[in-house]
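# Have a look; sequence and predicted model below, questions after that.
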Amino acid sequence: MEAEKSAWIVALSGLAALAVAMGIGRFAFTPILPMMHGMSVTEGGWLASANYVGYLAGGLSAMWLQARPSTVVRGSLAMIGVVTFGMALTGQFAIWMLLRALAGVASAWVLVFGAAWCLDGLAELGHPSLGSVVFAGVGAGIALAGAACFLLMQAGAGAGAAWLALGAASIVLTAMTWPVFGRSTGAPLVRPASPMESSSLKWTPNAVLLVVCYGVFGFGYIIPATFVPAMAKGIIADPAIFGWSWPVFGVAAMLSTLAAGRFMRSLGNRRVWMVCTLVMAIGVAAPALFPGIGAVMLAALSVGGTFMVVTMAGMQEARATGGAHAKTLMAAMTSSFAAGQIAGPLVVSWQARVGGSMDAVLLAAAVLLVVSAAAVGMTLLKQRKANEALPQ
């Protein structure tokens, strides 16, 4: 009973840490963007990309950073609170770029080191299945940020108040988890792989396909994940209506993550990856094909309900495919994913600058997602044929 109680404390602390890292450090800008009056789509794209560049830098540096996971998590959570407050204290665009980049670095470190710390602790305590609770923190944080911005918009508050409120929420959640992350779970120091280990992964067509498809996933999901509330506001200016889009996104992400463990075990990682990518493609294309608030809400529901499931399926498939050298494949997939995230908002900004529409970008992203799903599906067919060819 004591072990179960401790496991729940670890899992809920991980949930809170990822809520701060992802819901605020990564995605707070999305529901606040419609509140930043006078900001153009181009400027919004640049700010979003600054955060994703920081996330890429954080993910890559986590491969060689030697530090205790608990120390990194504590420092990164504190950094997220500070830079979130900072967004309300200045109007300088260049400083905003720097602050959002730092938030991206810190959020990547919390995701990498925090997840490792929690999963190690849960395994030691005999409750590894509670890992899904940890990852549900991403959706919980998105829902929290969306709900806070919704209420502030209803009250007539501006973007500055939203940044202050979310900064305060970060500090409170960090303070709540601080003692827990100070405990020892027996997790080892995170060390870089040796050159021999890093170079020994065989880059088969299958491994390359996983990297490419994961990058397409990053590009496809990030456009609605960045601009859903702004698209909703462009259709209906009433915050009582468009303000629901981001909380819907977050709740869908949280619930789908909690449910994913069961059907992922029965269907397999690649089948889940393929199906969720197709559902995501439908959501990405919907606002372009059927303009209206209903299509935007469908995008929030379908993309929010699949992006964390694809993330989990992709990482688990990397572990299965990479074997002893899974870290190298996971790092390559994460880098590809981050590159796709950076490219998405930049393409939207470029389209806006040349007089194009976001609809074209959404449709292009949806087509790429469908092609990616088909490629993953082809590997399933090859695997089935290979199994049938084996002697019975």
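Cool, the structure landed.
# How many residues are close by Ala366?
The tally of other residues near Ala366 (other CB atoms under 10 Å) stands at 22. Using the backbone N, CA and C atoms, a C-beta is placed for each residue, glycine as well.
# nope, Met378 is what I meant
By the measure other CB under 10 Å, the count of residues near Met378 is 12.
# Would you state the helices of the stretch 151-300 of the chain in chain order?
With helices called from DSSP state H, counting those that start in this stretch, the stretch 151-300 of the chain shows them at 159-181, 195-199, 205-235, 239-242, 245-267, 269-289, 293-304.
# can you list those helices in CSV and add mean pLDDT?
Formatted as CSV, these follow (pLDDT from 0 to 100):
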stretch, mean pLDDT
helix 159-181, 94
helix 195-199, 44
helix 205-235, 84
helix 239-242, 66
helix 245-267, 81
helix 269-289, 92
helix 293-304, 88
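# Pull up the gap between the residue nearest to Val73 when sequence neighbours are not counted and Phe135, please.
Once flanking residues are discounted, Val73 sits nearest to Gly114: 4.6 Å by CB to CB, 6 or more residues apart in numbering. From Gly114 across to Phe135, the span is 11 Å (CB to CB, to the nearest Å).
# Now the common contact residues for the two.
By CB atoms under 8 Å, 6 or more residues apart in numbering, Gly114 and Phe135 have these common neighbours: Leu18.
# re earlier: which of the helices of the stretch 151-300 of the chain sits closest to Ala320?
helix 269-289 (6.9 Å; CB to CB).
# Only C-alpha atoms, please: export the closest one in CSV.
Listed next in CSV are the C-alpha coordinates belonging to helix 269-289 (Å, rounded to 0.1, in the frame of the first residue of the first chain):
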residue,chain,number,x,y,z
ASN,A,269,2.5,0.8,-32.3
ARG,A,270,2.5,1.2,-36.0
ARG,A,271,-1.1,0.5,-36.6
VAL,A,272,-2.0,3.0,-33.9
TRP,A,273,0.5,5.5,-35.4
MET,A,274,-1.1,5.0,-38.9
VAL,A,275,-4.7,5.3,-37.8
CYS,A,276,-4.1,8.4,-35.5
THR,A,277,-2.1,10.1,-38.3
LEU,A,278,-5.1,9.7,-40.7
VAL,A,279,-7.5,11.1,-38.0
MET,A,280,-5.1,14.0,-37.5
ALA,A,281,-5.0,14.6,-41.3
ILE,A,282,-8.8,15.0,-41.3
GLY,A,283,-8.7,17.5,-38.5
VAL,A,284,-5.9,19.5,-40.1
ALA,A,285,-7.8,19.7,-43.4
ALA,A,286,-11.2,20.4,-42.0
PRO,A,287,-10.9,24.2,-41.4
ALA,A,288,-9.6,24.6,-45.0
LEU,A,289,-12.3,22.5,-46.6
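# which of the residues in that helix are buried?
Neighbour counts over helix 269-289 (16 or more other CB atoms under 10 Å) mark 269-288 as buried.
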